[in-house]
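>>> Sequence and predicted model, in that order:
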Amino acid sequence: MPSTPSRTTLTRELHLASLVHRLERQRRTWEARSTLGTAELRLLWLLTEGEPRTLREIAERLHLEQSTVNRQVNAAVKAGHVRKSRAPGSAFLFEPTPAGRAQLEEDTAYALGQFRVVLDRLGPDDAAHLLELLGRFVDLYGEAVDETETGRP
């Protein structure tokens, strides 16, 4: 198991930052091994939730600029993961192709499988405790970030 800096040499904040950094590095390793990039994964996840969507709807749901979404959607269309259609007199609509759905399922199954392995290794009690604490941490961190959104103290 990789070592982490000694808890006695780091403040709690630095220790947490170190752990989050390691987790992010590991997430990037997983992403590099995945067929879909983060942007395409988020796009396909959204598009599999229901009806075909316009660029504007996608941008609103993903909280991104429409120009960014346009670039990402066109890349997904070119890759064969998303199809574009248009009814006469209406905006273009985008939905996942069967290949896009299959790739999303494959990449998601792999990631969830890795989480399952780790949670199983922790055991049921530690896994439940981790999920409870992590959920609370994410909620509280979100509140703290929202409180400071207007600027630094």
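Here it is on my side, so go on.

>>> which residues of the chain fall in helices?
Secondary structure of the chain (DSSP state H): helices at 12-33, 38-47, 55-62, 66-78, 98-122, 124-147.

>>> Please list the residues outside the longest one that contact it.
I take that to be helix 98-122. 30, 34-36, 41, 44-45, 47-48, 76, 80-82, 96, 127, 130 (Cβ atoms under 8 Å, 6 or more residues apart in numbering). Every C-beta, even on glycine, is put in place using the N, C-alpha and C of the backbone.

>>> Same question for it: list its buried residues.
Within helix 98-122, the residues scored as buried using 16 or more other Cβ atoms under 10 Å are 100, 103-104, 107-108.

>>> Next, the angle from it to helix 124-147.
Helix 98-122 runs at 120 degrees relative to helix 124-147, counting by axes from the mean of the first three to the mean of the last three Cα atoms, to 10 degrees.

>>> could you give the mean pLDDT of helix 98-122?
Helix 98-122 carries an average pLDDT of 94.

>>> can you list the weak-confidence ranges in the protein?
Applying pLDDT under 70 to the chain flags residues 1-8, 149-153.

>>> how about 90 then?
Regions of the chain meeting the criterion pLDDT under 90 cover residues 1-10, 27-38, 50, 86-90, 111, 145-153.

>>> Any chance of the helices of the chain in JSON lines with distance to Gly89 as columns?
Formatted as JSON lines, the helices of the chain follow (distance: least, Cβ to Cβ, whole Å):
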{"stretch": "helix 12-33", "distance to Gly89": "40"}
{"stretch": "helix 38-47", "distance to Gly89": "23"}
{"stretch": "helix 55-62", "distance to Gly89": "16"}
{"stretch": "helix 66-78", "distance to Gly89": "20"}
{"stretch": "helix 98-122", "distance to Gly89": "27"}
{"stretch": "helix 124-147", "distance to Gly89": "41"}
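
>>> Out of those helices, which gets nearest to Ser90?
If you check each of the helices of the chain against Ser90 by Cβ to Cβ, helix 55-62 wins as the nearest, at 12.1 Å.
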